[in-house]
Each structure stands twice: as C-alpha cells, then as structure tokens.
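Below is the sequence, then the predicted model.
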Amino acid sequence: MGSWCTATSSNEFFGESILKKNICSQLFKVVTAIGFFACFDICAVYAVNDQQDVIKRIVDAQIRPEMNKMHIPGMAVGIALNGNEYVFNYGVASKANQKLVTDSTLFEIGSISKTFTATLASYAQIDDKLSLSDKTSKFLPYCKNTPFGNLKLLNLGTHTPGGLPLQLPPTITNNDQLQEFLKQWKPSCEAGKFRTYNNPGIGMLGLIAAQSLNQEFDVLMEKRIFAALGMNNSYINVPESQMMNYAQGYTEGGLPSRVTKALLADEAYGVKTTATDLLRFVKANMNMIKVDEKVQRAIMATHTGYFKVGGMTQDLIWEQYHYPVALKTLLEGNSSAMIFQANKVSDITPPQAPLEDVWINKTGSTNGCSAYIAYIPKKKIGIVMLANKSYPIRDRVTIAHQILQGLKSN
C-alpha cells in the first residue's frame, strides 16, 4: 500500500535539519536586525521630538512674555542648530481677520534687506562687473568731480561715505531729483573715518550693482539671489497670489502699516520673506547648505571686516563681534547712538578675512514690522526673529542672546 510520504534516508533527513536550522538562524538575525533598526528609528524620532520640545520651551520663555508686554500680534522665530532647522509661529498675521501666523507668512524685514543688496554687489564683483574700490563716478557720470562721485563703492556698503542722511529728503521722488541731490551733496565728515548709518548709500550700491549686471534690481534679487538660495517665498514685489500671506504690520501705537514704494526703498529695506526662507539665508551664511558656487563666494565675501567701531567690526553691511560676546557689547553695537550719530572708525588694513568664531548680526525695521537675525558660524547656530509690530531693537537683541545662550547651555 502506498505511503503519503516519500521515504527519506537518515543522511537526507540530517542535511534537511541543518538547512532548516540555518534558515531559522538567518531569519532570526534578519528579524532581530529589523527590530533593532525599527527601534533605532523610533528612538531617533523621539530624540528629534525631544530636542524640538526643549528648543520650543527655551524660545517660548523669551517670546511669549515679550509679545504680551509689547502687544505684538504675531511672530515667527527660526532656529538653526546642529544641522537642523526649527520654526515656531505665534499669534496672528492680521488683527482684522485673525489669520494665524504660519510657515507661509511673509514679513517685512526692513534693513536686513541690505545684506541681500550687499550680496548682490559682492556677486557683481566676483563676476568682474565692478570692484568695491571703484569710484561711484565710474557708474554715475553725472557725479564726476563731486564729493559723491569720489566715494568708493566700499564706502556705500559700510556706512562710511561721510555723512549721508539716514533717509532721502521726502521732496525727492524721481530719478532727476535724486541725481541732482547726489550732485549737490556735501559731506559732513571725512569718508572712511566715521560710520554714519544710512539708507541712500546702500540703496545706490544696489542700483550700481544692478546697472553693472545690466538688469533691474528687483529681477536680479528675485531671479538670481533668492532663486539660487532656494528662497522660494521671498519677494521685492509681493505677487497678488501671495498677498493673503503678507502679514499686516502695526506701528508702536497699533495702527496698520505697510512699507510703501519710494526711491531706493527696494535696495535698502524692501525684502518680504518667511522665517523658513530667511533661515536658509542664515544657513548659507554659515556654509551649511549647497548653493550656486558663485553666490556662495559672494555671501562669504560679505563677512570681510573693513572698519572697527567700539566692539563691533563693520563688514559689508553685516556687523560682527568676537565670540563669545557680552550682551552689553551687542547692545552698544545696536544702540540708537550707532544709528543716529556719527561714530569714529578705524580702518582694518588689510581687510580682515571672514572669521568663524564671531557673532554676526543685523537688525531690520519698517514702520510696522521688526526683525533680527544673528548667527555664530563656528557653532553652526543661528536665529531669525520676525514680528508684525514695531518694538525696540534692544529687546530683540536681548531676547536673541538669551535664546542662543539657552540653546548652548542645553
């Protein structure tokens, strides 16, 4: 009578047993490995979440009290740390419709825009279209044999032109009037000897850089600089499709305000961007992301130090301090006296090459928005703070310093 099973020799049975044991052993190893890596992934997720929670607690502890104290409707804070980036949003982009601040909210960044203009000028220099040692009259023939025409482009990008006013006179509303103003301008102090913070200087540097590259400034900024940095939600001219994301700014008195078009406004304080995009710019300044090689060189060149004033080194627009730096030193470098008074400088010869162990910062203000960015290249740590209300620079610098100190301690 036939068997349901085929007879197997003892050797065959023994070989099959070994094979089964080997298969089982290998399966056990695979399952164990899968379990280990799954556990590793879960632990990594928890670690990231824990780190984000710690960072948020540190940021919250500084931001929420300030918002309450200054009645700030909305803020966005970006942190670059250990190669990661974190964005925390607070409050509303508009008091009228109560729309929440999100990662897509656009803020006016005021004079932080100057750092982008400096980058464009640096880009033009790398492209051999200009040199910061050129006289302005090379690009502005109507200023030949005038004090403004004898200025170097470097003076325009370091606030050392000899006493340009903080703003253009309100009567200057067209290019003909601007040219006449520049031709008639008389310095109030010696160029290269005093720092007089101003908007017209960097504004003219932006115009000259664009002229040297044979394109309009806003096009170059949006299509060449922002695009190369992957800043896809940054604008000089906010398109209609993005107006819903454009934060409504508020004055110190709480009145609605937005920056208006004016001569040299785009170049000096015209950028609107998100915390996420501005954080990319911070990371690019610490050489932490991959961007176009020429743009990266241009960015790093803006960290060159040209003048010393107190504890601050004046770069091409950027302001830097040896790190570690005391809060008192930062507050002095970002004080009203630094903005509204002429401060004697000493030139750095030869110019100081970009450094890593420094605190680099820039403030930005419009009538309705306030901003501050700071970063420490050696530590690969940086902060972006954007708000849709005007509030004191002193508070911004203090808060940023406290946050970065807290992150370092933790």
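That came through, no problem. Since we're looking at a predicted model, the values are computed, not measured. Numbers count the residues shown, from 1 in each chain.

what are the ranges of the helices in the protein?
Assigned by DSSP state H, the helices in the chain fall at 10-70, 113-126, 153-157, 175-184, 200-212, 217-220, 227-229, 265-269, 275-285, 293-301, 327-333, 336-340, 393-409.

Which residues lie in contact with residue 70 in this structure?
389, 391, 392, 395 (C-beta atoms under 8 Å, 6 or more residues apart in numbering). In this view, the C-beta of every residue, glycine as well, is placed from N, C-alpha and C.

no no, residue 113
266, 267, 268, 269, 270, 271, 364 are the contacts of residue 113 under C-beta under 8 Å, 6+ apart.

Likewise for residue 71?
Residue 71 touches 254, 389, counting by C-beta under 8 Å, 6+ apart.

Make CSV out of the helices of the chain and add distance to residue 145 and mean pLDDT.
Listed next are the helices of the chain as CSV, based on distance: least, C-beta to C-beta, whole Å; pLDDT from 0 to 100:
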stretch, distance to residue 145, mean pLDDT
helix 10-70, 49, 66
helix 113-126, 24, 98
helix 153-157, 17, 98
helix 175-184, 10, 98
helix 200-212, 17, 98
helix 217-220, 27, 98
helix 227-229, 38, 98
helix 265-269, 25, 98
helix 275-285, 38, 98
helix 293-301, 30, 98
helix 327-333, 36, 98
helix 336-340, 31, 97
helix 393-409, 39, 96
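
nearest to residue 103, of those helices?
helix 275-285 (5.4 Å; C-beta to C-beta).

re earlier: so can I have TSV of the helices of the chain showing distance to residue 243?
Compiled in TSV, those are given as follows (distance: least, C-beta to C-beta, whole Å):
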stretch	distance to residue 243
helix 10-70	24
helix 113-126	19
helix 153-157	32
helix 175-184	28
helix 200-212	24
helix 217-220	17
helix 227-229	21
helix 265-269	18
helix 275-285	17
helix 293-301	28
helix 327-333	35
helix 336-340	31
helix 393-409	26
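
Might one say that residue 83 is in contact with residue 379?
No. Using C-beta atoms under 8 Å, residue 83 is not in contact with residue 379, being 11.8 Å away.

out of those two, which sits in the busier spot?
Neighbours per residue (other C-beta atoms under 10 Å) separate residue 83 from residue 379, with residue 379 holding more: 19 against 9.

ok, residue 82 - how many residues close by?
Residue 82: 10 neighbours (other C-beta under 10 Å).

residues in contact with it?
51, 380.

Kindly list the main-chain dihedrals of it?
phi 50, psi 40 (degrees, to the nearest 10).

could you measure the residue nearest to residue 76 when sequence neighbours are not counted against residue 223, distance?
Of all residues not flanking residue 76 in the chain, residue 275 sits nearest, at 3.8 Å (C-beta to C-beta, 6 or more residues apart in numbering). To residue 223, residue 275 is 22 Å away according to C-beta to C-beta, to the nearest Å.

now do residue 82
32 Å.

In this structure residue 165 contacts residue 198, no?
Yes. Applying C-beta under 8 Å as the test, residue 165 and residue 198 come out as touching, 6.3 Å apart.

Which residues are in contact with each of the two?
Joint contacts of residue 165 and residue 198 (C-beta under 8 Å, 6+ apart) do not exist.

Could you check which of those two is surrounded by more residues?
residue 198 (19 against 14).

Please verify my assumption that that one contacts residue 168.
No. Taking contacts as C-beta under 8 Å, residue 198 lies outside contact range of residue 168: 9.4 Å.

my read: residue 410 touches residue 56, true?
No. With contacts counted by C-beta under 8 Å, residue 410 stays clear of residue 56, the gap being 11.7 Å.

Neighbour count for those two, which is higher?
residue 56 (15 against 11).

Against residue 403, how distant is that one?
11 Å.
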